[in-house]
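In: kindly generate the corresponding structure for this input.
(chains A and B)
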Amino acid sequence: MALKFGLITEIIKMIFTWFDITLFAVYFILLFLSIFWLLVFFSDGIKNKSKLSRYPLFSVIVPAYNEEESIENTLKSLIDLEYPMDKIEIVVVNDGSTDKTSEIVKHFILNHPENNITLLQQDNHGKGRAMNHGLKIIQGEFFACLDADSFAGSNALEEMLPYFEDDLQVAAVCPILKVQRPRSILQKVQWCEYIINMFYKFLNSKIDCIHVTPGPFSIYRTSVIKELGGFDETTITEDLEIAIRLQKHQYKIVQTFDTITETVAPSNWRSLFHQRVRWYRGSVDNSLKYKQLMFNRKYGDFGFLRMPTIILSGLIAIILTGTLAWQAFSRFFHWITAVSAVNFDFITLLKHFELNLNWLNLPFFKLAIALTLLAISFFIMVYSYKLVKEDIRNHGKTWVSLVTYLLIYSLFLSCVWIYIAYSFITGKKNKWT
Amino acid sequence: MERKLSTKKYLIAFILTLVVFSGGILVGLFFENVRLSHSQQINLQEKTNLISLQLQQQYIGSGIADCKALNNILELNIVELGNKVETLSDYGKRSVLNDEDFKLQLRDYFLTELQFLFVSNEIDTKCTSDHIKVLFFYDENQNDIQGEILDYVKDLFGSRVLIFSFDPTFADEPMINVLLASYNIEKFPAVVVGSTVFQGPTSLKTLLREICSQLVGELPQECKIVASS
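Out: Residues are numbered from 1 along each chain as shown, chains lettered A, B, ... in the order given. As a prediction, the model looks like this:
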């Protein structure tokens, strides 16, 4: 019995040692990545682009599934583009909508006969199929995808097309993405998140590491996409898949900060959860699909750093959340056991409660690392807003949304990663919900 | 086409990360030394308190030292001891390079605590006391809640219960083993109330019954509740 107990104790000690080593490694990796991206930030800037010298035919594919609330405004934003009207063709692909999407689009076409707008119908087969359906008929030298809940900036083409002219290797250009008119605290939190993500895209762009060309108005060179076989219809994150495929074929993806596309963000936690599961699970699936790029120097920083960190970020989120949850649970379990042993006599416990804080007992090593990471995070937050020319106080709810973003939102996203790990292990497929 | 790899940036980032990590380790080590100094200070303070108590105990009966005042001082010192043992134990667990020094401080502390126990026994021979002594040999297992139960008992009985805590696995001090052997203790946590020994986790009810049965003088309200249940 004693031998058994001793063996169990030794195993527990070993697990906790490996646990400590894992945590140590996570802190090291986080710090390394933060410092690396800071170095990228301070390195040479992105080349200035030239002005648009010509107006090539431009196509927009609008895949739509039950978008009756927003499709009209989406189409309005397209006809308001600052570009010669006869040089734009718009193709709406109705992906088997069960609401009034099709009728609204037909009505819009009738009311705007001067614009070249086509409506295609298909059974519900997903965005990838819809994109390819549109790709078959478009004539534009360049095309954009615009989700039907997103709205392009009027200067989009003037600002984005020059990148294609300046460099023939450029296959895609992405705009700044912002949440349109955040109303709730949750939407304001996502507004904050999108702005900080733009900073990371700015850094990624500097070393040619962009791994996703977001649905809302990313522009592609039509010939390249057709040459690569169009969009992948088996994945529901086709914007991520095409970006990795472009990188694999050594094409460039550029992030511009001169035009803004606004998109509607989920207004409740459930919708947001489903959205993020789709996105992050899609990133895992596509990373594994293109695993030959990982740590592969042939693909530069994209293969060596960016690809591995797609999955690594999820692993780190799971480890840190797991650690936090375990510690919180252990302490709570110990507390509840102790309190129940004294018959829940809270009155006596509160009467004699003393807060014995010994600052010398603080984990100074971990604090030093945490403070360094916090300082870098603060810098990123401040500069992100400067980069996209926003003020954190815009749209109100500043302090509540900031606290929610810093404390609750990261835990929420970690839960998304935990669910993804579970769905991956149990073999559940990624799907639209 | 070979794409650019930011090798220089990776190298600089790695070196800077090592620098920050090393800085963090150095900060940790600096504060480890500060903790060691604090441990030494705690021990010195307790030793001084002990010497003072021993001297006062010598003068009981001569009119210079008063039994009531002495028992109050003893009780305050024991509470202080109990608070500090956790601090020293935590310091020892956090140590990286000064493990031996922290063990020495902890050993010194347990010896001081034992001397307080013996002084308290001597005071009891000269003064009537209305307190009882409880020895607690704790289990380092994090799930052990015996300490919390004894803290609660202390909250209920105040100065009428004096609790002395010892780490039974502290192999560096033979006196602890002597104490364990004298009470035939083999299982932990263990609580000794007066001369009654409880081995393994002991419920609040059992402890209260034993404590109330050993208390002399006016019984507190809690004992009347225990007697009626």
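
In: give me the below-cutoff pLDDT ranges for chain B.
Out: B:1-2, B:61, B:63-65, B:141-143, B:226-229 (pLDDT under 70).

In: can you tell me which helix in it is longest?
Out: When chain B is parsed with DSSP state H, its longest helix is helix B:7-58.

In: is the closest residue to chain A within chain B in a helix, a strand, or coil?
Out: Here chain B gets closest to chain A at one residue, residue B:3, 2.9 Å apart by CB to the nearest CB. To be clear about C-beta, it is placed using only N, CA and C from the backbone, and glycine gets the same treatment. Assigned with DSSP: H, G, I helix; E, B strand; the rest coil, residue B:3 falls in the coil class.

In: my read is residue A:348 is in a strand, agree?
Out: No: using three-state DSSP, the assignment for residue A:348 is helix, not a strand.

In: tell me which residue in the stretch 251-400 of chain A sits closest to chain B.
Out: residue A:300 (2.9 Å).

In: residue contacts, that residue?
Out: Neighbouring residues of residue A:300 by CB atoms under 8 Å, 6 or more residues apart in numbering or on different chains: A:207, A:208, B:2, B:3, B:4, B:5.

In: can you confirm it is in a strand?
Out: No: assessed with three-state DSSP, residue A:300 is helix; it does not lie in a strand.

In: can you tell me how far it sits from residue A:293?
Out: Going from residue A:300 to residue A:293 by CB to CB, to the nearest Å gives 10 Å.

In: ends of stretch B:55-66, what's the gap?
Out: Stretch B:55-66 has an end-to-end distance of 12 Å (CA to CA, to the nearest Å).

In: need the strands for chain B, in chain order.
Out: B:132-137, B:161-166, B:190-193, B:196-199 (DSSP state E).

In: between strand B:161-166 and the first one, find me the angle.
Out: Right, the one you point to is strand B:132-137. Using axes from the mean of the first three to the mean of the last three CA atoms, to 10 degrees, the direction of strand B:132-137 lies 20 degrees away from that of strand B:161-166.

In: sheet partners, orientation included, of strand B:132-137?
Out: Partners of strand B:132-137 in the sheet, by DSSP bridges, are strand B:161-166 (parallel), strand B:190-193 (antiparallel).

In: tally of neighbours for residue A:86?
Out: 11 (other CB atoms under 10 Å in any protein chain shown).

In: for residue A:75, see how far away the residue lying closest to it once chain neighbours are set aside is.
Out: Nearest non-adjacent residue to residue A:86, counting by CB to CB, 6 or more residues apart in numbering or on different chains: residue A:116, 7.5 Å away. Distance of residue A:116 to residue A:75, computed by CB to CB: 12 Å.

In: one more: residue B:76?
Out: 81 Å.

In: joint contacts of residue A:116 and residue A:75?
Out: residue A:90.

In: which residue packs closest to the residue of the stretch 251-400 of chain A closest to chain B, ignoring adjacent ones?
Out: Spatially, and ignoring its direct neighbours in sequence, residue A:300 is nearest to residue B:3 (2.9 Å; CB to CB, 6+ apart).

In: and that neighbour, what does it touch?
Out: A:208, A:250, A:298, A:299, A:300, A:301, A:302, A:303.

In: can I see the domain layout of chain B?
Out: Chain B breaks down by automatic domain parsing into domains covering B:19-128, B:130-229.

In: what's the spacing between the last one and its chain's center?
Out: Right, domain B:130-229. Domain B:130-229 has its C-alpha centroid displaced from the chain centroid by 13 Å (CA atoms, centre = their mean, to the nearest Å).

In: is stretch A:239-249 in proximity to chain B?
Out: No: using CB under 8 Å from any CB of the partner chain, stretch A:239-249 stays clear of chain B, coming no nearer than 9.1 Å.

In: show me the contact partners of that stretch.
Out: A:145, A:171-172, A:210-215, A:218, A:220, A:224-225, A:228, A:231-232, A:235, A:253, A:279, A:282-283, A:286-287, A:289-290, A:293, A:299, A:302-303, A:307.
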